[in-house]
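Visitor: turn this into a model:
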Amino acid sequence: MPEFVNILIINGVAVMVLFALAWAACVAQRDCTPVDSLWGLGMGVVALSTFIQTGGGTERRIVMTAICVAWAVRLGGYMLWRWRDHGPDRRYVRMMDKAKVEKGWNYGYAAFRLVFLLQMPLLWLVCLPVQLGQVSAEPANLGTLGLIGAGVAVFGILFESLADWQLVRFKKTPDNSGKVMDQGLWRYTRHPNYFGDALTWWGLFLIAAETPLGWFSVVGPIYLVFTLTRWSGMPTVENRLGRTRPDYADYKRRTSAFIPWPPKPAQVD
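Guide: Just a heads-up that it's a prediction; the model follows:
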């Protein structure tokens, strides 16, 4: 069996174990919110697992793993902090209540079926660049494409970190209660955190693309962007804010959805 198949299988098993443990913990406390932190931390585990299985040692493997782990710790730590600070995510509360009322499912089955069973394979899929990109020992060092990818990935981490920090500061100010965040990076894109996330994984793909197998990992960042922009990211957030923030429609009209861009002029009555 090819080495990369063994690596993908072992990583898949590792992801299943992580999600099984997280599922048991979440069911015990009747709160699925911590799964959001596992989305990041789990990818860091996969990157480290691949690094160990391939023997590490090369510049490309070290850089890919270091970037992925840094991204994972930053995002996973932030999501854990947000959970402890904000409490249960309303999305999961509504999802579990709806499953109980409409389908009669108990909490454990609903959490497994609607949350963990879905996110588990998606995590493995999205982080294909740090799996396939480490299989080949050659080229050992980063070429031009890899250096560009590393720069893009690091910039993405910094971009989404700044966006999250700006949002936290905005929400912590009492005078901003009920207002739309339209300052800092949020003035140029409605979702700077998602944009930074996408940059990180496209950057990791560029590093992986310097190897033959790495090109096949393009499905990872493509699917991530689809998820963020068309499925569970932007649509969910914008539907909620559209209902709860009176000024959100105007903010949405003048501000780029995803890629940062100067805002449109305010409408004149």
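Visitor: show me where the stretch 51-200 of the chain has its helices.
Guide: Using DSSP state H, counting those that start in this stretch, the helices of the stretch 51-200 of the chain run over 59-86, 90-98, 107-111, 117-126, 129-132, 144-172, 192-208.
Visitor: can you lay out the ones you listed as JSON lines showing mean pLDDT?
Guide: JSON lines is the format used below for the helices of the stretch 51-200 of the chain (pLDDT from 0 to 100):
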{"stretch": "helix 59-86", "mean pLDDT": "96"}
{"stretch": "helix 90-98", "mean pLDDT": "91"}
{"stretch": "helix 107-111", "mean pLDDT": "95"}
{"stretch": "helix 117-126", "mean pLDDT": "93"}
{"stretch": "helix 129-132", "mean pLDDT": "98"}
{"stretch": "helix 144-172", "mean pLDDT": "97"}
{"stretch": "helix 192-208", "mean pLDDT": "98"}
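Visitor: and those helices, which is most packed in?
Guide: helix 129-132 (a mean of 29; mean count of other C-beta atoms under 10 Å). Every residue, glycine included, has its C-beta placed from N, CA and C.
Visitor: and that one, what does it pack against?
Guide: helix 3-29, helix 35-54, helix 59-86, helix 192-208 (3 or more C-beta pairs under 8 Å, 6 or more residues apart in numbering; DSSP states H and E).
Visitor: pLDDT on the helix or strand just after the shortest one, on average?
Guide: The C-terminal neighbour of helix 192-208 among helices and strands, as given by DSSP states H and E, is helix 219-226. Rounded to a whole number, the mean pLDDT of helix 219-226 is 96.
Visitor: next, find the distance separating Leu48 from Cys68.
Guide: Distance of Leu48 to Cys68, given as C-beta to C-beta, to the nearest Å: 8 Å.
Visitor: sorry, back to before: can I get the helices of the stretch 51-200 of the chain in TSV with distance to Trp215?
Guide: Shown next, in TSV, are the helices of the stretch 51-200 of the chain (distance: least, C-beta to C-beta, whole Å):
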stretch	distance to Trp215
helix 59-86	14
helix 90-98	35
helix 107-111	36
helix 117-126	16
helix 129-132	8
helix 144-172	11
helix 192-208	8
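Visitor: so which of those helices gets nearest Ala14?
Guide: helix 117-126 (9.2 Å; C-beta to C-beta).
Visitor: ok, residues contacting the closest one?
Guide: With contact meaning C-beta atoms under 8 Å, 6 or more residues apart in numbering, helix 117-126 is reached by 8, 11-12, 15-16, 19, 35, 38-39, 42-43, 46, 201, 219-221, 223-224, 227.
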